[in-house]
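Asker: I'd like to go over a predicted model; first the sequence, then the structure.
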Amino acid sequence: MMDLIKNIFNILFFASLSIVAVLSYLQARKTLFTPIKTEIFKLQMESFQEVIEFFNKNNDHDFNEVFGFREIFDLNAANMHRRYIKLFFFKEIEIKDEDIKRRKAATYGAIYTAEEAGRCLTIIEPGSELKSTGNKTKKITEPALMLAEWNQYSHDGVVFTKRYHDETEKLKKLASSPLLPKELADLMHAFLRINHNNLGLIGVVVARLSKEMPTLYSTAEDVVRFDSSGMWGSYIEERENLDNISSQILKYINEYLKINKIMA
């Protein structure tokens, strides 16, 4: 009988120890991980704040300023304008070296479609050098042939600035943060895709409107006074507005953080 009581007591004792150990572990885990969760939450709020600061103060016009789209457009329009001069007015208008240097200094990179890349870029094998063929294209002087060639104009690659590159990379880095919900990151990457498509559209618009150059700028005096403002207006009408996707991003953050309920 005493052995039975002793065995029961031992069972109860060790069972109690097990329960105490489990409860102690749960409490310790809660105490241990709470500061970590708090720090993660703080970091996440900082990421949300950066996203809000970027999108809350910017509408479609502001985004043009942030990424420097007008400067990019003018650079591409100027490249088209230079080619127009070289074809039609190479004897009458001198292209100044400082203008060429200024455009080159402002250009950070360029994007090409697959067709443009195949037409404009040369593949160089590792260890080889790019050599000039030494062949010079014969200058066309017949007006009808010059016009026919110009009508075949294609804008070979859209150049962009360092400002566009830096702002894009900054937003890419923020959108790739593991602290942001996937849905929010997807919306931000959608914004970047639209922005990239708008960049590529510059080449399409400039190429199309280049066909109007012989009519609008038929004399050397007209060409010297070339202004890309009208082309820019056409581009703005065609580009995809960024206000909608920006609003979706802010709406998602509002709903995710339940800002309206907190402020109520």
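Answerer: Now that the structure is in, tell me what you want to look at.

Asker: CA atoms for contacts and neighbours, from now on please.
Answerer: Fine.

Asker: pLDDT wise, what is I36 at?
Answerer: You'll see I36 listed with a pLDDT of 55.

Asker: Can you classify Q152 by secondary structure?
Answerer: Judged by DSSP: H, G, I helix; E, B strand; the rest coil, the three-state class of Q152 is coil.

Asker: Can you tell me the number of residues neighbouring it?
Answerer: Q152 has 10 neighbours, counted by other Cα atoms under 10 Å.

Asker: And for the one 3 residues further on?
Answerer: As a burial measure, the neighbour count of H155 was computed by other Cα under 10 Å and equals 19.

Asker: Can you classify it by secondary structure?
Answerer: With three-state DSSP as the basis, H155 sits in coil.

Asker: pretty sure it contacts G203?
Answerer: Yes. Using Cα atoms under 8 Å, H155 makes contact with G203 at a distance of 5.6 Å.

Asker: can you pull out the strands in the stretch 101-250 of the chain?
Answerer: Secondary structure of the stretch 101-250 of the chain by DSSP state E, counting those that start in this stretch: the strands cover 109-111, 158-160.

Asker: among the ones you listed, which is the most enclosed?
Answerer: Of all the strands of the stretch 101-250 of the chain, strand 158-160 carries the top mean neighbour count, a mean of 23, counting by mean count of other Cα atoms under 10 Å.

Asker: Provide the contact partners of that one at residue level.
Answerer: With contacts defined as Cα atoms under 8 Å, 6 or more residues apart in numbering, strand 158-160 is touched by 72, 75-76, 107-112, 199-200, 202-203.

Asker: Among the residues you listed, find me the one that's closest to R163.
Answerer: Y108 (8.6 Å; Cα to Cα).

Asker: Quick check: the closest one vs N198, distance?
Answerer: Per Cα to Cα, to the nearest Å, Y108 is found 17 Å from N198.

Asker: V66 now?
Answerer: For V66 relative to N198 (Cα to Cα), the value is 14 Å.

Asker: Just the ones of the contacts of strand 158-160 in helices?
Answerer: Using DSSP state H, I72, L75, N76, L199, G200, I202, G203 are the members of these that sit in helices.

Asker: Surely the third one and V206 touch.
Answerer: If I follow you right, that is N76. Yes. Using Cα under 8 Å, N76 makes contact with V206 at a distance of 7.5 Å.
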